[in-house]
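Colleague: using only what follows, build the 3D model:
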Amino acid sequence: MTEIRQTGIAPFRHMIDCSRGLVVLTYCRQPTLPEWLASMTQVLDDPQYRPGMAILSDRRRLEDTASSSTIRAMADWVTRRRDRFAGCRWAVVVSPQAIAEYGMARMGSVLFERSGVRLQAFKSWADALDWLFSSHA
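Modeller: Residues are numbered from 1 along each chain as shown. Purely as a prediction, here's the structure:
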């Protein structure tokens, strides 16, 4: 497991499970855009990371959400690195009570399409894993 450190408490840590082809991003707080960009760069630079790995963003502990402009900037960043994300499925799991967070993740699913990433929002960890590893999704 690799912890991403910025100023203060890291916004999320990442863990790569090579045997499953899975990257898990566990959020403890909402990152700023520069923190997210730096942290995701560290994920891509992790020697265990392989293009096209499934990504599971665990945002269930967050109470606030990213702005629509931040989601657009994230999608643009991923699109510019589409070769590193080609064929990726990216599940975003939010708390069932996090209506705005769920809506932003759904907006992200549309914006991430141009990068070749299939991003989907979930309120259930089990449903997210089922979708990530199903052969027919």
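
Colleague: quick one, strands of the chain?
Modeller: Applying DSSP state E to the chain gives strands spanning 2-3, 12-17, 22-27, 54-58, 89-93, 118-122.

Colleague: residue 100: which of the ones you listed is closest?
Modeller: Closest to residue 100 of the strands of the chain is strand 118-122 (Cβ to Cβ; 11.5 Å). Any C-beta I mention is one placed from the backbone N, CA and C, and that applies to glycine too.

Colleague: pull out the buried residues from that closest one.
Modeller: 118-122 (16 or more other Cβ atoms under 10 Å).

Colleague: stretch 26-33 now?
Modeller: 26-27, 30-31.

Colleague: columns pLDDT and distance to residue 103 on top of those, output as JSON lines?
Modeller: Listed next are these as JSON lines, based on pLDDT from 0 to 100; distance: Cβ to Cβ, whole Å:
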{"residue": "26", "pLDDT": "96", "distance to residue 103": "21"}
{"residue": "27", "pLDDT": "95", "distance to residue 103": "17"}
{"residue": "30", "pLDDT": "92", "distance to residue 103": "15"}
{"residue": "31", "pLDDT": "92", "distance to residue 103": "19"}
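
Colleague: farthest pair in these?
Modeller: 26 and 30 (13.3 Å).
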